[in-house]
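> For reference, the sequence and a predicted model appear below.
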Amino acid sequence: MKVNVRIRDEWLLIPCKTQECTVEWLGNEALHRYRGLKGYNNNSDSVQEIRRSQGGSLLFPDDPIEDVIEDNDFVYVVLHSDEFTPVKPVHVIPVIPDRVNKELEEPTEFLALDGCSLSTDDLVKLGKADYKIKLTDSAWDKVKKARELLDNIVKENKVVYGITTGFGNFASTVIAPEKLRDLQENLIRSHAAGVGSPLTPERTRRLLALRINVLAKGYSGISPKVLSQMIDAFNVSCLPWIPEKGTVGASGDLAPLSHLALGMMGEGKMWSPRSGWSEANCVLKAHGLEPIKLGPKEGLALINGTQLITALGAEAVERAAMIAKQADVIASLTLDVLKGTTSAFDTDIHLARPHKGQIAVARRFQSLLHSEIFPSEISQSHRFCNRVQDSYTLRCCPQVHGVVNDTIDFVRQIISTEMNSATDNPMVFAEREQTISGGNFHGEYPAKAMDYLAIGVHELANISERRTERLVNPALSELPAFLVKEGGLNSGFMIAHCTAAALVSENKVLTHPSSVDTLSTSAGQEDHVSMGGFAARKALQVVEHVEQVLAIELLAACQGIEFLRPLKTTAPLEEVHKIVRSVVAPWNKDRYMSPAIDAVTKLLQEGKIWKVVKPFMDKYVSEQLKEADVRSPTSSVLGKRQNGMNNGGARTSKRVRTKSK
């Protein structure tokens, strides 16, 4: 086996030929080779410790290498002389948590980018390392033509903003030709001023992929060589350290994109699945890559744009779409457990107020609740009850959930357009042989969209928490208090509901729009900004809270079913109960609650609740049934039914309705 060993500023590939090789031997061998390579003559120096690069695990000297290190693994050796002193900086980066759910395995499939057709779903998959990327031939042609125009501008000594001048308030300062490279590199170093925790590897991959997609449009003037190097780095997941805070969203996401470019230059910190966190130049070198060298305008081409807002926005909108669909499933289960009526989901009601989302949600409820094809024993059990109508949290789900669905569709349209837009300044128009300064870097579009998404999707948690209250409150549910036996001795879902309430309350603060604020920056040159970075981060936090609140409702609804046994709900909802019980057992007495919430939240984040009911919903639609074919057991119909077809392909009727008393 072979091991990649970092000692100070060098990577060494050391073969371990025998099973007797220990961690101590590896450290001493690395120091021996380093001395020979660098002429390091401090013979009194020795190995202090050895750690795995990924995760920073400390390795015990006596352990056999093959027991603790994998083939081609990365480790770093710390020498005693590496200890920090005021005059000698430490050579080893402190251990930094990887913050990644799973190791990003190198994909085998490629996704071709052209700068025009990347979808939010594809961007999310790129973050998860489902694909490598390449550019289409037409994209390469546009990149080359734009670069040729820029090279001609430099040769002719023309004065053009950001190419031969300074930036922002220094736009009128002309830069000498021999200092144009310094101009671009200084731009990156000075603008890499972000703070806070780093983006996760998945989010950094999305940011890098999105910047590559924008450069592929051919309006930036990036050189084919630099763009190729960025693609190569993406394809092996060499991902720079990018602090999540520091952008005001105009002129684009300058700070985070500068950190992205800085890592590509071989400066700052970088992460890869093989190396973990290390110095960027070491990680690039270990993967056979060279740091990029910036030509005229290339620094500006890498940092002007809204890619942080948009990359986070794509994740937020896709997660919001998935939880919105599953919210309908969870609410359907809650309604059946609470012995609600299906009459509020009658097609004619929603065609009379034909919002797209409202109609879609009502149809989902129809396909999941009591019907001829999917009967519910629970629903049949209260056939002759005297309930006239349900509370708003049950009855108005199509109206409340529906507008969330429409909000998500609206936001996805804006984010998709932004993902495939040129957001540089100045923009290079090769066909016109011109560069033109404009304002496409301004993040107001995605910033407003993220604020709108947060406000919209939050309502799923708002109404879910109220349904959970109905489940745990015996005065409203006819179930045991807090869904547990021996109440008093056991508290059941008492504090789980409090957690849901706390998250909903937090969301009410987080949904305050960031984009209503602006502060003047760059000495008044950039006097209106979007604050879109915070809008996107808040939107993601709101979506996560929604996932957790709905997980609590789902757990409560499944617990409620246990008290209605042996009665069963509909076939699709029984499958939901089954998959929840595959990760969380029912409560017979109090136990540690948080792991159950986390487990069901993960089910929702992975879309498994939706996946398990989708075949049943498709079957219902294929039968072209309407909910009127089997009326809710708590409602009755008078009058003669007249057959017809509504615009969704379902059978409709005209009749007079009344409620049973």
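Looks like it arrived, so ask away. The shown structure was predicted, so the numbers you read here are calculated from the model rather than taken from an experiment.

> Do you have the strands of the stretch 251-400 of the chain handy? List them.
Ranges of strands within the stretch 251-400 of the chain are 269-272, 276-279, based on DSSP state E, counting those that start in this stretch.

> Direction included, what does the first one pair up with?
Partner strands and pairing direction for strand 269-272 (DSSP bridges) are strand 239-240 (antiparallel), strand 276-279 (antiparallel).

> which stretches of the chain aren't confidently modelled?
In the predicted model, the chain carries pLDDT under 70 at residues 83-105, 624-661.

> Of all the strands paired with strand 269-272, which one is nearest Leu59?
Leu59 sits nearest to strand 276-279 of all the strands paired with strand 269-272, at 13.5 Å, using Cβ to Cβ. For the C-beta atoms, the positions are set from N, CA and C on the backbone; glycine is no exception.

> List the residues that contact the closest residue in space to Ala523 that isn't next to it in sequence.
The shortest distance from Ala523 to any non-neighbouring residue, by Cβ to Cβ, 6 or more residues apart in numbering, is to Asn169 (4.2 Å). Counting by Cβ atoms under 8 Å, 6 or more residues apart in numbering, Asn169 makes contact with Ser522, Ala523, Gly524, Gln525.

> Can you get me a residue count around the second one?
By that I understand Ala523. For Ala523, the count of nearby residues is 10 (other Cβ atoms under 10 Å).

> surely it meets Gly168?
Yes - taking contacts as Cβ atoms under 8 Å, Ala523 lies within contact range of Gly168: 7.3 Å.

> Distance of the closest residue to Leu564 other than its chain neighbours relative to Gln389?
Leaving aside its sequence neighbours, Leu564 sits nearest to Ile378 (Cβ to Cβ, 6+ apart; 5.7 Å). Counting by Cβ to Cβ, to the nearest Å, the gap from Ile378 to Gln389 is 18 Å.

> hmm, back to that, and the strands paired with strand 269-272: which comes nearest Lys619?
strand 239-240 (43.2 Å).

> Any buried residues in the following helix or strand past that closest one, and which?
Sequence order places strand 243-245 as the next helix or strand after strand 239-240, per DSSP states H and E. Residues of strand 243-245 classed as buried under the neighbour-count rule (16 or more other Cβ atoms under 10 Å) are Pro243, Glu244.

> Could you do stretch 193-207 as well?
Result for stretch 193-207 [16+ other Cβ under 10 Å]: buried residues Gly194, Pro198, Leu199, Thr200, Pro201, Glu202, Arg203, Thr204, Arg205, Arg206, Leu207.

> So which of those residues are in strands?
Pro198 (DSSP state E).

> Using JSON lines, please lay out the buried residues of stretch 193-207 together with distance to Glu547.
Converted to JSON lines, the buried residues of stretch 193-207 look like this (distance: Cβ to Cβ, whole Å):
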{"residue": "Gly194", "distance to Glu547": "27"}
{"residue": "Pro198", "distance to Glu547": "23"}
{"residue": "Leu199", "distance to Glu547": "20"}
{"residue": "Thr200", "distance to Glu547": "16"}
{"residue": "Pro201", "distance to Glu547": "21"}
{"residue": "Glu202", "distance to Glu547": "16"}
{"residue": "Arg203", "distance to Glu547": "17"}
{"residue": "Thr204", "distance to Glu547": "22"}
{"residue": "Arg205", "distance to Glu547": "22"}
{"residue": "Arg206", "distance to Glu547": "19"}
{"residue": "Leu207", "distance to Glu547": "22"}
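
> any idea which of the buried residues of stretch 193-207 is closest to Ile349?
Closest to Ile349, out of all of the buried residues of stretch 193-207 and judged by Cβ to Cβ, is Arg206, at 40.7 Å.

> pretty sure the closest one contacts Val124?
Yes - with contact defined as Cβ under 8 Å, Arg206 and Val124 form a contacting pair (7.2 Å).

> Could you name every residue contacting both of those two?
Common neighbours of Arg206 and Val124 (Cβ under 8 Å, 6+ apart) are Ala314, Glu315.

> what ranges do the strands span in the stretch 1-150 of the chain?
All strands of the stretch 1-150 of the chain, identified by DSSP E, counting those that start in this stretch, fall at 2-7, 10-15, 47-52, 73-79, 110-113, 132-135.

> could those go into CSV alongside mean neighbour count and distance to Pro64?
Conversion of the strands of the stretch 1-150 of the chain to CSV gives the following (neighbours: other Cβ atoms under 10 Å; distance: least, Cβ to Cβ, whole Å):
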stretch, mean neighbour count, distance to Pro64
strand 2-7, 22, 12
strand 10-15, 14, 15
strand 47-52, 19, 13
strand 73-79, 23, 14
strand 110-113, 17, 39
strand 132-135, 20, 35
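
> Please convert the ones you listed to a markdown table, extending it with distance to Asp348.
Listed next are the strands of the stretch 1-150 of the chain as a markdown table, based on distance: least, Cβ to Cβ, whole Å:
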| stretch | distance to Asp348 |
| --- | --- |
| strand 2-7 | 68 |
| strand 10-15 | 70 |
| strand 47-52 | 64 |
| strand 73-79 | 64 |
| strand 110-113 | 44 |
| strand 132-135 | 49 |
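
> close enough to count as contact, Val400 and Glu459?
Yes - between Val400 and Glu459 there is a contact under Cβ under 8 Å: 5.9 Å.

> Mind jotting down where the helices sit in the stretch 351-500 of the chain?
All helices of the stretch 351-500 of the chain, identified by DSSP state H, counting those that start in this stretch, fall at 356-368, 377-381, 392-395, 397-419, 444-472, 474-477, 494-510.

> want to throw those helices into CSV with distance to Ala327 and mean neighbour count?
Listed next are these as CSV, based on distance: least, Cβ to Cβ, whole Å; neighbours: other Cβ atoms under 10 Å:
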stretch, distance to Ala327, mean neighbour count
helix 356-368, 9, 23
helix 377-381, 20, 17
helix 392-395, 12, 18
helix 397-419, 6, 21
helix 444-472, 5, 25
helix 474-477, 20, 13
helix 494-510, 13, 18
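
> so which of the ones you listed comes closest to Gly276?
Nearest to Gly276, of all these, is helix 397-419, at 29.7 Å by Cβ to Cβ.

> The closest one versus helix 356-368: what angle between them?
Helix 397-419 runs at 120 degrees relative to helix 356-368, counting by axes from the mean of the first three to the mean of the last three Cα atoms, to 10 degrees.

> Report the distance from helix 397-419 to the chain centre.
16 Å (Cα atoms, centre = their mean, to the nearest Å).

> which strands and helices sit next to it?
For helix 397-419, the packing partners by 3 or more Cβ pairs under 8 Å, 6 or more residues apart in numbering; DSSP states H and E come out as helix 120-127, helix 307-337, helix 356-368, helix 444-472.
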